[in-house]
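Participant: return atomic coordinates for the entry below.
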Amino acid sequence: MNILVIGGGGREHALVWKIAQSPRTTHIYCAPGNPGIGQLAQCVDIAVDDIERLADFAADKNVDLTVVGPELPLTEGIVDAFRERGMRIFGPSRAAAELEGSKSYCKMIMEKYHIPTASHRTFRDAAEARRYVESKGAPIVVKASGLAAGKGVTVAFSVDEALEAITSIMEDKVFGNSGDEVVIEDYLAGEEASFLAFCDGKTAVPMVASQDHKQVNEGDTGPNTGGMGAYSPAPILTAELQQRALDEIMQPMVDAMAQEGRPFVGILYGGLMIDGSDIKVLEFNVRFGDPEAQPVLMRLQTDLVDIMEACIDGKLQQQAIQWSDDAAVCVVMASGGYPGSYQKGHHIEGLQLAGAVENVVVFHAGTTWQDGNVVNAGGRVLGVTARHSSLQRAIENAYCAVDCIYWQDAYVRRDIGAKGVARMERQAE
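Facilitator: Model prediction:
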């Protein structure tokens, strides 16, 4: 099969890496790709949201399956455009992708179908939003309703902080039109976990649980990012809680979208807040998480191409899916200054040395070629991912590889996975 992967980040590198292992794969294209992806696929210089050019390319190259990585083309209708031309593509329709494209829509659906989430209000007027915050007090959560690359959420522990977030989102337009509307919701205590499922429009089949590290600094402090690292399994999601998450959240959402005439095919990602036995949804995404995709796909043993085809054909229940018992951890190496401003173009050294560490894959996220060298070209630059039977050893191997890599002002959190190890130790007592 000729396969086209759309995207150029760490998630897409992980997808290409996994798809390349399929005996059904003949040739992989990736648009636009990156230097790491270029070792496994033919990179094509087409932007992820240039839907017409992507469809023309897929038709010209006789692409048998297109796999969409990022949320932007999904919310802009790439799946509909490909299907209209009779081409097979993995991902939700534009209507189904509104679950991520509009937080206010997602909240409405959860409310309508009694899927547990924080109580909320939606505002299109900044003055009204401010009055609501002042009446509710803090802590409180302010979210840009539209897409914001994982950075549109402010967990405000003071009223002033919440008011600043409203000004920044709605008036300063730091996220552009995504901030035309804000969702303000009650603060939920607990610990976050990521629960992803393959979906075929009727059935949700869960993946192994994972946990992201959103804040930029150790101890989960500092501003939100797209994710500074992730690990799997996530011991906070016990087998019992995973079953409840499937029965009370993931499958009900698939049923709800079918009921709404928007059948959901693709990856459904539930961002969950766990507080003891209480589970609530923070948000839904409509694609693999990044960096969750890296450790989760490293644990997947079944052919990913087979799973995606089963989803497209509505035959997911007939597809067995197996996972490794090993743990996997992804440590994100970022440009200094991220998620604020940062400098690009620094030469990255040590990639080959890092890749030689046992059971480690260095997934490229924000890299490019410059004068024959791989240089940093984004905020999140690399996802150094390791697998081992022990979570602690997987973490050690990942950081061993991290320490092989250098570029000017590189930044990395040093506590990725630590909370998982601590929880496993407590559960073992």
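Participant: the helices in the stretch 201-350 of the chain, which residues?
Facilitator: 239-245, 251-259, 293-299, 304-312 (DSSP state H, counting those that start in this stretch).
Participant: give the buried residues for the second one.
Facilitator: Okay, so that is helix 251-259. Using 16 or more other CB atoms under 10 Å as the test for burial, helix 251-259 gives 251-257. C-beta coordinates here come from the backbone N, C-alpha and C atoms, glycine included.
Participant: ok, of those, which one's closest to A149?
Facilitator: M253 (22.7 Å; CB to CB).
Participant: how near is the closest residue in space to that closest one that isn't next to it in sequence to E98?
Facilitator: Of all residues not flanking M253 in the chain, I115 sits nearest, at 6.0 Å (CB to CB, 6 or more residues apart in numbering). When distance is defined by CB to CB, to the nearest Å, I115 is 15 Å away from E98.
Participant: I267 now?
Facilitator: With CB to CB as the criterion, I267 and E98 are 15 Å apart.
Participant: who has more neighbours out of these two?
Facilitator: Higher neighbour count among I267 and E98: I267, with 24 against 21, using other CB atoms under 10 Å.
Participant: mind listing the residues bridging to that one?
Facilitator: Note on I267: beta-bridge partners by DSSP bridges are F198.
Participant: show me what contacts it?
Facilitator: 91, 196-199, 286-288 (CB atoms under 8 Å, 6 or more residues apart in numbering).
Participant: same list (those residues) but as CSV, adding pLDDT and neighbour count.
Facilitator: Below are the contacts of I267 laid out as CSV (pLDDT from 0 to 100; neighbours: other CB atoms under 10 Å):
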residue, pLDDT, neighbour count
G91, 98, 25
L196, 97, 25
A197, 98, 23
F198, 98, 22
C199, 98, 25
V286, 97, 24
R287, 97, 25
F288, 97, 26
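Participant: got TSV for those, with distance to K103 too?
Facilitator: Below are these laid out as TSV (distance: CB to CB, whole Å):
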residue	distance to K103
G91	19
L196	19
A197	20
F198	23
C199	20
V286	12
R287	15
F288	19
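Participant: let me know the closest of the buried residues of helix 251-259 to D60.
Facilitator: M257 (32.9 Å).
Participant: could you find the closest non-adjacent residue to the closest one?
Facilitator: F264 (4.3 Å).
Participant: roughly how far does that neighbour sit from L316?
Facilitator: For F264 relative to L316 (CB to CB), the value is 12 Å.
Participant: same question for L65.
Facilitator: From L65 to L316 the distance is 16 Å (CB to CB).
Participant: quick check: V182 touching R121?
Facilitator: No. Using CB atoms under 8 Å, V182 is not in contact with R121, being 9.2 Å away.
Participant: which of these two has more residues huddled nearby?
Facilitator: Applying other CB under 10 Å to V182 and R121 shows that V182 carries more neighbours, namely 30 against 16.
Participant: which residues sit in contact with that one?
Facilitator: Neighbour list for V182: 122-123, 129, 142-145, 166, 169-170 [criterion: CB under 8 Å, 6+ apart].
Participant: and the pLDDT for it?
Facilitator: You'll see V182 listed with a pLDDT of 90.
Participant: partners of it in the sheet?
Facilitator: Beta-bridge partners recorded for V182 (DSSP bridges): F123, A144.
Participant: what about it, distance to H27?
Facilitator: 45 Å.
Participant: before we move on, what about K112?
Facilitator: According to CB to CB, K112 and H27 sit 44 Å apart.
Participant: repeat for A386
Facilitator: From A386 to H27 the distance is 29 Å (CB to CB).
Participant: over to M110?
Facilitator: M110 is 41 Å from H27, by CB to CB.
Participant: the two: which is more packed in?
Facilitator: For M110 versus H27, neighbours defined as other CB under 10 Å are more numerous around M110 (23 against 14).
Participant: and the more buried one, what helix or strand is that in?
Facilitator: Per DSSP states H and E, M110 falls inside helix 103-112.
Participant: any idea of the mean pLDDT in that helix?
Facilitator: 94.
Participant: what is it packed up against?
Facilitator: On a contact count with 3 or more CB pairs under 8 Å, 6 or more residues apart in numbering; DSSP states H and E, helix 103-112 meets helix 98-101, strand 120-123, strand 182-186, helix 251-259, strand 278-285.
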